[in-house]
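Undergrad: Task: produce atomic coordinates for the following.
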Amino acid sequence: IFMIKKDTSPDMSFGVPVTGLEKNTLYRINHCLFDGMENLFEKDAARLICSLQGLINRDYETNGNILVYLSNDGVDEFWLDYITGEGRSFSGLAIKDINTFDEYLGIFGDIIKECGMVLWDENVAATANVAATVCGLDGFLPVKFDENEGSLYLKLKELGVPEKQSLVGLFGKDGSVDMGSGSAKCDAYLWAMDKYFDRCSSRYIAYILDGASCSRNNPCFHPENPSNVFENCIYNHDYYIARRCFFFDLTVYDKEAPIDDPNQPLGTDRETLKAMLLKRYNMTGGLWGMALGFPPWHLKYTRHISTDYHMDPARLEWHFVETVTAYNVGIEADAAHPCWMSNASLYYKYQMRYQPKGNTVAKSETYDPEAYYYTVVWTGDFDCSPWMKLRVPSQWANDDQRGTVAMTYGYNVNLSQRIPMAFDYIFSQQTDNDYLVGGEGMGYTFPSALWQGFKGKEATSETGPSGYYGTTNDSQSIRYLADGGDDYYTYAKPFF
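TA: Have a look, this model is predicted:
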């Protein structure tokens, strides 16, 4: 039903070696692997594991049916049971459990050695995102350069993992690269744009927290109350790497300097963001794209962190959405915990088995305001895959009252590109009282910004949303427009 053209825009020349792994096997990494790890080491280890997971899973069709799965909680186990069930995409795979980090290194060590490391610089936390971009394209695994005793870097070096590329010391006052922004953070992104952007996906970009809260001397690192892996959305990396995204973390607000880069010329983050969006727009000729991620308001950029800052988290969100929409980019809003998301690099390989049966046709009745009150119960705000992955089991599998009352469910059908198994499950369970409607049909957008565009011009069929080459029957899915009047609807209807 939701037919999406394959993304052929990025450089797909790198394929990860799967030396020593067993074919037709799913390697399940249980969360106990992280038990007892020191906070910084845990975040560094998770970054390594999720990066390699993304590289391995995206080659599933050609690597001998080998997959890597992280089991963090009961929701992960629910979906693993579903996708490996009889007759489904991953049925018949052997499951091999991994419970310790040493066990993980024993199984994947040879592959880690073949991939090698790209070292990021904790003095310029943005290089963590640059390293992730490099990983998606060239296969080097992001590792923080850290010579403190017990660090992941020293452990891997001791195992003989080579340093394939280093970003350490490139940016900043004494760095060898000066892109002229006046900010080491923004210089790192501008350099990466020049060097890598043309090779990245032009359909997907990744807005994800950089290494700030994993870097000891960064204002966002709080040793007395450190953020965890979930709050840093590190588990999201596997999918972004599988999609060969360009990674970034920049604030759109230009009236105060960001907390992680307080000495940058005012507005440099925003100008860098706009340069990136314009580059993507020009690469595609204005075709529609998706930003996977969300402003990290809980750790940066807002007064949630400090009363010294004026920006409210919700207003930062709206400002960001408005800005990217103007460049023909919608949002899949992977926000702060609980909007972390594991295993999407596997989920998006799932082949759907079920089709929606269509909504029950409404009965015609004469409206009598004196006799009746009409109420519609609408469940929505499913503007990102993490929400759906988390909530579908509780809404559809664990509620024995579902189907006894008419309910509407507003889902962003773009998410079928990332979590097709969730739609498959919903379609298999739909009753006559379950009405499926659209929500955020082309992503979370600010329609008035789409209408005006960054050039202040009306969008056209050439610059509007693209990627769908099939249509969706109105009885099956009706996109819900949360903003915009009749003029916008008239414009947008062909794309919905």
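Undergrad: Tell me which stretches of the stretch 151-300 of the chain form strands.
TA: If DSSP state E, counting those that start in this stretch is used as the criterion, the strands of the stretch 151-300 of the chain fall at 163-166, 204-207, 246-248, 289-293.
Undergrad: Save those as a markdown table, and put in distance to residue 232, mean pLDDT and mean neighbour count too.
TA: Heads up, the C-betas are built off the backbone N, CA and C, glycines and all. Below are the strands of the stretch 151-300 of the chain laid out as a markdown table (distance: least, CB to CB, whole Å; pLDDT from 0 to 100; neighbours: other CB atoms under 10 Å):
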| stretch | distance to residue 232 | mean pLDDT | mean neighbour count |
| --- | --- | --- | --- |
| strand 163-166 | 23 | 98 | 16 |
| strand 204-207 | 13 | 97 | 26 |
| strand 246-248 | 13 | 98 | 28 |
| strand 289-293 | 12 | 93 | 25 |
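Undergrad: how many neighbours does residue 342 have?
TA: Counted with other CB atoms under 10 Å, the neighbours of residue 342 add up to 29.
Undergrad: Residue 135 versus the closest residue to it other than its chain neighbours, what's the distance?
TA: Counting by CB to CB, 6 or more residues apart in numbering, residue 342 lies nearest to residue 235, which is 4.1 Å off, once chain neighbours are set aside. As judged by CB to CB, to the nearest Å, residue 235 and residue 135 stand 15 Å apart.
Undergrad: what about the two, which has more around it?
TA: residue 135 (28 against 23).
Undergrad: which residues sit in contact with the residue lying closest to that one once chain neighbours are set aside?
TA: The shortest distance from residue 135 to any non-neighbouring residue, by CB to CB, 6+ apart, is to residue 51 (5.0 Å). Residues near residue 51 by CB atoms under 8 Å, 6 or more residues apart in numbering: 132, 135, 141-142, 237-238, 241.
Undergrad: out of the residues you listed, who has the most neighbours?
TA: residue 237 (31 neighbours).
Undergrad: check which helix or strand covers the residue nearest to it when sequence neighbours are not counted.
TA: Excluding the flanking residues, the one nearest residue 237 by CB to CB, 6+ apart is residue 50, at 4.3 Å. In this assignment (DSSP states H and E), residue 50 forms part of helix 39-58.
Undergrad: Buried ones in that helix, by neighbour count?
TA: Residues of helix 39-58 classed as buried under the neighbour-count rule (16 or more other CB atoms under 10 Å) are 40-58.
Undergrad: Please apply the same query to stretch 168-176.
TA: Buried residues in stretch 168-176, defined by neighbour count with 16+ other CB under 10 Å: 168-172, 175.
Undergrad: cool, stretch 256-271 as well?
TA: For stretch 256-271, by 16+ other CB under 10 Å, it's 257-261, 264, 268-271.
Undergrad: hmm, which two among the residues you listed are most spread apart?
TA: 259 and 271 (18.1 Å; CB to CB).
Undergrad: Bridge partners for residue 67, pull those for me.
TA: With DSSP bridges as the criterion, residue 67 is bridged to residue 26.
Undergrad: so where's this protein uncertain?
TA: Applying pLDDT under 70 to the chain flags residues 1-5, 440-441, 451-496.
Undergrad: Let me see the ranges of the helices in it.
TA: In the chain, the helices defined using DSSP state H lie at 39-58, 74-83, 101-115, 127-138, 152-158, 184-196, 237-242, 268-284, 313-325, 344-347, 385-392, 420-429, 447-452, 486-492.
Undergrad: and the second one with helix 385-392, angle?
TA: Same thing as helix 74-83. 80 degrees (axes from the mean of the first three to the mean of the last three CA atoms, to 10 degrees).
Undergrad: what's helix 74-83 in contact with?
TA: Residues from elsewhere that reach helix 74-83, judged by CB under 8 Å, 6+ apart: 28, 69-71, 88-90, 342-343, 346-347, 350, 389-390, 393, 397, 421-422, 425.
Undergrad: I'd like the strands of the stretch 151-300 of the chain as JSON lines, with distance to residue 331 appended.
TA: What follows is the strands of the stretch 151-300 of the chain, written out as JSON lines (distance: least, CB to CB, whole Å):
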{"stretch": "strand 163-166", "distance to residue 331": "31"}
{"stretch": "strand 204-207", "distance to residue 331": "8"}
{"stretch": "strand 246-248", "distance to residue 331": "14"}
{"stretch": "strand 289-293", "distance to residue 331": "5"}
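Undergrad: quick one, which of those is nearest to residue 416?
TA: strand 289-293 (12.6 Å).
Undergrad: could you check the angle helix 385-392 makes with the closest one?
TA: Going by the same axes, to 10 degrees, strand 289-293 makes 70 degrees with helix 385-392.
Undergrad: Neighbouring strands of strand 289-293 in the sheet, and parallel or not?
TA: The strands beside strand 289-293 in its sheet (DSSP bridges) come out as strand 204-207 (parallel), strand 329-332 (parallel).
Undergrad: could those go into a markdown table alongside distance to residue 217?
TA: Compiled in a markdown table, those are given as follows (distance: least, CB to CB, whole Å):
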| stretch | distance to residue 217 |
| --- | --- |
| strand 204-207 | 24 |
| strand 329-332 | 32 |
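Undergrad: distance of the residue most central in space within the chain from residue 109?
TA: Central residue of the chain (CA atoms, centre = their mean): residue 292, 4.1 Å from the mean position. Distance from residue 292 to residue 109, counting by CB to CB: 30 Å.
Undergrad: now do residue 286
TA: 45 Å.
Undergrad: Ok, residue 444 next?
TA: Separation of residue 444 from residue 109 (CB to CB): 41 Å.
Undergrad: So for the two, which residue has more residues nearby?
TA: Using other CB under 10 Å as the criterion, residue 444 and residue 109 rank with residue 444 on top: 23 against 17.
Undergrad: Looking at strand pairing, list the partners for that one.
TA: With DSSP bridges as the rule, residue 444 is bridged to residue 331.
Undergrad: Contacts only, for the nearest residue to residue 190 once chain neighbours are set aside.
TA: Excluding its sequence neighbours, the residue lying closest to residue 190 (CB to CB, 6+ apart) is residue 179, at 4.1 Å. Residue 179 sits next to 186-187, 190-191, 194 when contact means CB under 8 Å, 6+ apart.
Undergrad: So among those residues, which ones count as buried?
TA: Buried, going by 16+ other CB under 10 Å: 186-187, 190-191, out of these.
Undergrad: and which of those residues is nearest to residue 304?
TA: The closest of the buried ones among the contacts of residue 179, once distances to residue 304 are taken by CB to CB, is residue 186, at 22.9 Å.
Undergrad: What count of nearby residues applies to the closest residue to that closest one other than its chain neighbours?
TA: Nearest non-adjacent residue to residue 186, counting by CB to CB, 6+ apart: residue 272, 4.3 Å away. Number of residues near residue 272 (other CB under 10 Å) recorded here: 25.
Undergrad: Thought residue 190 was touching residue 272, still the case?
TA: Yes. Here residue 272 lies in contact with residue 190, judged by CB atoms under 8 Å, at a distance of 6.3 Å.
Undergrad: what's residue 129 in contact with, if anything?
TA: By CB under 8 Å, 6+ apart, the residues touching residue 129 are 188-189, 192, 206, 208, 210-211, 247-249.
Undergrad: same deal with residue 50?
TA: 70, 234-238, 241, 342.
Undergrad: Residue 96 versus that one, what's the distance?
TA: 18 Å.
Undergrad: what's the answer for residue 35, then?
TA: Relative to residue 96, residue 35 is positioned 19 Å away (CB to CB).
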